[in-house]
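K.L.:
when you get a sec, could you give me coordinates for this:
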Amino acid sequence: MELNRIEAQVHPDNLASLRLLQRLDFQQEGRARQAGFWLGRYQDLIYLSLLRQDSALAAAEI
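P.N.:
Residues are numbered from 1 along each chain as shown. Below you'll find the model as predicted:
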């Protein structure tokens, strides 16, 4: 499967996941305020994405 874009949504307090995605070259696109609801309250989410052209895999395919 040839994907062009992969997206991730992460809670701002989930620092381990944010660090991992950044190490994998995901770029932060923004913050969706009160986009999720759990534990009885609304939660913000950080949106990140990885584009084929920006990843290390793109260089390997050339």
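K.L.:
report the central residue of the protein.
P.N.:
residue 48 (2.7 Å; CA atoms, centre = their mean).
K.L.:
if I look at residue 6, how far off is residue 16?
P.N.:
Using CB to CB, to the nearest Å, residue 6 is found at 18 Å from residue 16. All C-beta spots, glycine's among them, are computed from the backbone N, C-alpha and C.
K.L.:
settle it for me: which of these two has more neighbours?
P.N.:
residue 6 (14 against 8; other CB atoms under 10 Å).
K.L.:
check contacts around the residue lying closest to that one once chain neighbours are set aside.
P.N.:
Spatial nearest neighbour of residue 6, excluding adjacent residues (CB to CB, 6 or more residues apart in numbering): residue 50 at 4.7 Å. Contact analysis of residue 50 by CB atoms under 8 Å, 6 or more residues apart in numbering lists 5, 6, 21, 24, 25, 26, 27.
K.L.:
low-confidence ranges in the chain?
P.N.:
57-62 (pLDDT under 70).
K.L.:
that one: helices as residue ranges?
P.N.:
In the chain, the segments counted as helices under DSSP state H are 15-23, 56-61.
K.L.:
tell me the contacts of the residue nearest to residue 42 when sequence neighbours are not counted?
P.N.:
Take residue 42 and drop its neighbours on the chain: the residue closest to it by CB to CB, 6+ apart is residue 34, 3.7 Å away. Residue 34 is in contact with 42, 43, 44, counting by CB under 8 Å, 6+ apart.
K.L.:
by neighbours, which of those wins?
P.N.:
Tallying neighbours with other CB under 10 Å puts residue 43 at the head of the contacts of residue 34, with 15 neighbours.
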